[in-house]
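K.L.:
the following comprises the amino acid sequence and a computationally predicted model.
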Amino acid sequence: MTSKLEILLLAAIFVGLPDTFEGSATIDAVIYPRSHADSVGAKVTLEPFQKITTSSARRSHSFSINKQRFLAVVSFDTQCDVYRFKASKFVLAQQVKVSNANAAKFFEIDGQYFLAIAKFVDGTQYATNSPVLKWNNATQKFENFQKFKSIGGFDFEHFSVKSSKNEILHFLALANAYDGIKYSVNSTVYLWNASQKQFEHFQDLATEGAHHFAPIIWQGNMYLAVANYVSKSVVYKLKADDSEFELYQSLPGTDYGSWASVPVYMNGSLYLIDVIYEIDQKYKQKSPLFVWKNNTFVVSTTIPSEGTTMMCPFTVNKGLYLVLSNYFDGNTYNIMSSVDQVQDSKTVTHMLDIATHGSYSCHTFEMNGTVMVMFSNSYDDKTTKLDSIIYKVAAAEN
């Protein structure tokens with residue numbers, strides 16, 4: 001995501017904040033420009049913007065419909081809440097009663113708007129249904145559209161590609177993680193049928209505790225990276241005739257423990273981060289940063305992480321930064337998340353620690369030219385009923 005603000009995005013968790021905020025909290029920090037690593041950058045202010053009521057928060061997703069901003073926030077314990085931005089804050093617009101879900105993903109097909117929700121479990125049954133809802137412009141609500149069988153559903157990802165016949169193909173990938181006994185369960189890719197105006201089964205993919213999909217279009221090819229939790233993460237490639245995805249590469253490095261795959265584009269090159277949560281209950285890890293070289297991903301460097309479940313890249317002032325969402329360190333959920341700067345393909349510099357409470361995921365987005373950040377707080381060693389907070393970033397006045 002490219003910001004118009006020449007600042008570093010910073011975030012922190014503040015205690016006892018009102019529903020909306022007046023004034024700001026300030027954190028002094030420095031930015032190290034790429035060409036002048038020893039120079040001091042501009043100070044920034046972090047302005048608490050709004051807190052969102054959540055209960056074991058999972059992943060959030062910001063999107064726009066008819067030039068109006070929305071935010072879908074998944075609480076595992078309760079439902080998916082859809083907020084609409086009105087005047088100066090996000091206002092609850094709809095509660096989608098889907099509990100025990102992990103993620104919500106918004107997407108658009110031919111002027112139609114959809115929200116897919118990945119459901120992990122129903123009571124004790126991991127074989128359940130994950131819904132896709134369709135926006136009704138008349139009611140201004142999302143309504144039931146299709147349901148897909150999921151087995152420990154963890155993530156939905158939509159992506160589109162131009163076919164060999166010069167048609168636009170819309171895919172929807174559902175990551176399945178666990179069936180109650182084992183992690184070796186297939187994930188599924190669906191394809192949009194334009195004439196029937198619905199998704200149809202396209203292909204099952206062999207996955208091992210799939211936690212996240214990352215679609216990548218690079219040099220005219222369509223790839224799909226899969227973060228496998230109990231095996232090596234892998235990359236699939238769509239065949240030239242669009243008939244199926246075939247296994248392209250098993251990522252070198254760690255054999256398991258991946259929670260997310262995050263593509264990053266820097267200086268005309270493609271990178272991929274394999275976000276490692278833990279290995280053998282050891283939470284201090286080094287998540288590999290791969291670079292695309294000679295038609296394959298090779299390790300370029302590693303990023304120190306501790307119980308990290310997501311990394312959210314963004315750029316400001318032509319610099320590349322990563323927000324690291326840290327969930328658990330083996331002892332407590334009240335741990336620091338962080339902001340790092342990617343200096344180049346070999347150098348990732350730690351910049352700032354951020355107090356979070358079982359941060360299940362981070363989400364950065366831009367609204368009216370302003371960078372926003374949200375951490376999904378899920379647990380503080382006592383309760384899952386915590387506020388997840390949105391922050392607004394602004395340049396400090398001289």
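P.N.:
Yep, that arrived.

K.L.:
after the lowest-mean-pLDDT helix or strand in the chain, next one along is what?
P.N.:
Between all helices and strands in the chain, the lowest mean by mean pLDDT, DSSP states H and E belongs to strand 25-27, at a mean of 23. If you walk from strand 25-27 toward the C-terminus, the next helix or strand you reach (DSSP states H and E) is strand 44-55.

K.L.:
give me the buried positions along the very next helix or strand once past that next one.
P.N.:
Past strand 44-55, further along toward the C-terminus, the next helix or strand under DSSP H and E is strand 57-65. Buried positions in strand 57-65, judged by neighbour count with 16 or more other Cβ atoms under 10 Å: 57, 58, 59, 60, 61, 62, 63. (Glycine included, C-beta is placed from N, CA and C.)

K.L.:
between strand 57-65 and strand 44-55, how many degrees?
P.N.:
Between the axes of strand 57-65 and strand 44-55, defined by axes from the mean of the first three to the mean of the last three Cα atoms, to 10 degrees, the angle is 110 degrees.

K.L.:
return the list of strands paired to strand 57-65, each annotated with direction.
P.N.:
Each strand that strand 57-65 pairs with, and the sense of that pairing, follows from DSSP bridges: strand 68-75 (antiparallel).

K.L.:
about what we covered before: can I get the buried residues of strand 57-65 in TSV with pLDDT and distance to residue 212?
P.N.:
Putting the buried residues of strand 57-65 into TSV (pLDDT from 0 to 100; distance: Cβ to Cβ, whole Å) gives the following:
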residue	pLDDT	distance to residue 212
57	98	17
58	98	12
59	96	10
60	95	15
61	96	13
62	97	18
63	97	18
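
K.L.:
of the residues you listed, which pair is most distant in space?
P.N.:
Comparing every pair within the buried residues of strand 57-65 by Cβ to Cβ identifies 57 and 63 as the most remote, at 17.7 Å.

K.L.:
how far away is residue 201 from residue 291?
P.N.:
According to Cβ to Cβ, to the nearest Å, residue 201 stands 34 Å off from residue 291.

K.L.:
more neighbours, those two?
P.N.:
Under the neighbour definition other Cβ atoms under 10 Å, residue 201 and residue 291 were set side by side, and residue 291 has more, 18 against 11.

K.L.:
look up how far residue 267 lies from that one.
P.N.:
Using Cβ to Cβ, one obtains 11 Å as the distance from residue 291 to residue 267.

K.L.:
quick one: contacts for residue 153?
P.N.:
By Cβ atoms under 8 Å, 6 or more residues apart in numbering, the residues touching residue 153 are 101, 102, 118, 119, 120, 128, 130, 174, 175, 176, 177.

K.L.:
if we go to 6 Å?
P.N.:
118, 119, 120, 130, 176 (Cβ atoms under 6 Å, 6 or more residues apart in numbering).

K.L.:
report the beta-bridge partners for the closest residue to it other than its chain neighbours.
P.N.:
Distances taken as Cβ to Cβ, 6 or more residues apart in numbering place residue 118 nearest to residue 153, at 3.9 Å, with adjacent residues excluded. For residue 118, the beta-bridge assignment (DSSP bridges) gives partners residue 103.

K.L.:
so residue 118 is in contact with residue 103, correct?
P.N.:
Yes - counting by Cβ atoms under 6 Å, a contact exists between residue 118 and residue 103, whose distance comes to 4.6 Å.

K.L.:
thinking again about what came up before, of the buried residues of strand 57-65, closest to residue 187?
P.N.:
residue 59 (16.8 Å).

K.L.:
you'd agree the closest one is up against residue 105?
P.N.:
No - with contact defined as Cβ under 6 Å, residue 59 does not reach residue 105; the gap is 8.6 Å.

K.L.:
beyond whichever helix or strand residue 354 is part of, next helix or strand please.
P.N.:
If you go by DSSP H and E, residue 354 is part of strand 348-355. Using DSSP H and E, the helix or strand that directly follows strand 348-355 along the chain is strand 359-367.

K.L.:
let me know the angle separating the very next helix or strand once past that following strand from strand 68-75.
P.N.:
Reading on from strand 359-367 to the C-terminus, the next helix or strand found by DSSP H and E is strand 370-377. Angle, strand 370-377 to strand 68-75, by the same axes, to 10 degrees: 20 degrees.

K.L.:
can I get strand 370-377 in PDB, CA atoms only?
P.N.:
Listed next in PDB are the C-alpha coordinates belonging to strand 370-377 (Å, rounded to 0.1, in the frame of the first residue of the first chain):
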ATOM      1  CA  THR A 370      -4.300   9.100   5.600                       C
ATOM      2  CA  VAL A 371      -2.600   5.900   6.700                       C
ATOM      3  CA  MET A 372      -4.600   3.800   9.200                       C
ATOM      4  CA  VAL A 373      -3.600   0.800  11.200                       C
ATOM      5  CA  MET A 374      -5.500  -1.800  13.200                       C
ATOM      6  CA  PHE A 375      -4.300  -4.500  15.500                       C
ATOM      7  CA  SER A 376      -6.800  -7.300  16.300                       C
ATOM      8  CA  ASN A 377      -6.400  -7.900  20.000                       C
END
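
K.L.:
show me what it is packed up against.
P.N.:
For strand 370-377, the packing partners by 3 or more Cβ pairs under 6 Å, 6 or more residues apart in numbering; DSSP states H and E come out as strand 57-65, strand 359-367, strand 385-395.

K.L.:
strand partners of it, parallel vs antiparallel please.
P.N.:
Strands adjacent to strand 370-377 in the sheet, as given by DSSP bridges, are strand 359-367 (antiparallel), strand 385-395 (antiparallel).
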